[in-house]
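Student: From the sequence below, what's the structure:
(chains A and B)
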Amino acid sequence: EPEVTQTPSHQVTQMGQEVILRCVPISNHLYFYWYRQILGQKVEFLVSFYNNEISEKSEIFDDQFSVERPDGSNFTLKIRSTKLEDSAMYFCASSAERGPPYEQYFGPGTRLTVT
Amino acid sequence: AQTVTQSQPEMSVQEAETVTLSCTYDTSENNYYLFWYKQPPSRQMILVIRQEAYKQQNATENRFSVNFQKAAKSFSLKISDSQLGDTAMYFCAFYNNNDMRFGAGTRLTVKP
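Tutor: Below you'll find the model as predicted:
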């Protein structure tokens, strides 16, 4: 069964550094998403992406964040200058169509630790 | 804005027994979707079951079923014949117009 993959599984970075989280969505999917889960808290929507542009973004997704689809397979989330509060699990998801009944498939997540 | 509330931070159940996880939500929309996601220790989010708001019939997937009460804005998950592999965090989620909102989660432990 096709799956969403994410690298790295764990990223440690120092405050103020830039970090790029990588995702490979399912190959025939067109809609891509990033979510964040601070340890022990709920999953929060960050951004959705379609046709090489952002479709929706939450209030969390400020100017420190950006997303890109640099080639035909990768989908990246960049945090320009990391803060301690950016420490979280970041999930990528993809779907074939915009909404249900087309399921969003989630990747295993990247744990980001900012020290 | 839509909100999703899971009032049970933790629950436990004996293997083979039945457990119900609660979820309520708040919305002014009439058409939307509701989901339960499972997050095992591996942390991969896995879709367990989905419910379309326009369907009155409760969704069922093998041992998992929901009790969808649209007027009460309630969407509980029932797990029958609980198995050790059901141990995980369970998140209730609401979807409408490309906006997905998750509850805070319920940590379920299945005891042998």
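
Student: CA atoms for contacts and neighbours, from now on please.
Tutor: Will do.

Student: Centre-most residue in the chain?
Tutor: You didn't say which chain, so I picked chain A. The C-alpha lying nearest the average C-alpha coordinate of chain A belongs to A:Trp34 (C-alpha atoms, centre = their mean; 3.1 Å).

Student: try chain B instead
Tutor: Closest residue to the average C-alpha location of chain B: B:Trp36 at 3.5 Å, with C-alpha atoms, centre = their mean.

Student: What's the first helix or strand after the helix or strand bottoming out on mean pLDDT in chain B?
Tutor: Least confident element among the helices and strands of chain B, by mean pLDDT, DSSP states H and E: strand B:99-102 (a mean of 85). Sequence order places strand B:106-111 as the next helix or strand after strand B:99-102, per DSSP states H and E.

Student: Output the contacting helices and strands for that next one.
Tutor: Under the contact definition 3 or more C-alpha pairs under 8 Å, 6 or more residues apart in numbering or on different chains; DSSP states H and E, strand B:106-111 sits against strand B:10-14, strand B:88-96.

Student: Any residue of stretch A:78-95 touching chain B?
Tutor: No - using C-alpha under 8 Å from any C-alpha of the partner chain, we find that stretch A:78-95 stays clear of chain B, coming within 8.6 Å at best.

Student: For A:Asn28, which residues are in contact?
Tutor: The contact partners of A:Asn28, by C-alpha atoms under 8 Å, 6 or more residues apart in numbering or on different chains, come to A:Ala96.

Student: Tell me the secondary structure of it, please.
Tutor: State at A:Asn28, reduced to three classes by DSSP: H, G, I helix; E, B strand; the rest coil: coil.

Student: Next, count neighbours for A:Arg36.
Tutor: Other residues lying near A:Arg36 total 23 when counted by other C-alpha atoms under 10 Å in any protein chain shown.

Student: swap that for A:Gln37, sorry
Tutor: The local packing of A:Gln37 (other C-alpha under 10 Å) involves 19 other residues.

Student: can you pull the pLDDT of the closest residue to it other than its chain neighbours?
Tutor: With C-alpha to C-alpha, 6 or more residues apart in numbering or on different chains as the criterion, A:Gln37 has its nearest non-adjacent residue at 4.5 Å, and that residue is A:Val43. In this model, A:Val43 is scored at 88, pLDDT.

Student: Am I right that A:Val43 is in contact with A:Ala88?
Tutor: No - with contact defined as C-alpha atoms under 8 Å, A:Val43 does not count as touching A:Ala88 (10.0 Å).

Student: intersection of neighbour lists for these two?
Tutor: Shared contacts of A:Val43 and A:Ala88 (C-alpha under 8 Å, 6+ apart): A:36-37.

Student: about what we covered before: counting by contacts, list what the least confident helix or strand of chain B packs against.
Tutor: If contacts are counted by 3+ C-alpha pairs under 8 Å, 6+ apart, strand B:99-102 sits against strand A:43-50, strand B:3-5, strand B:88-96.
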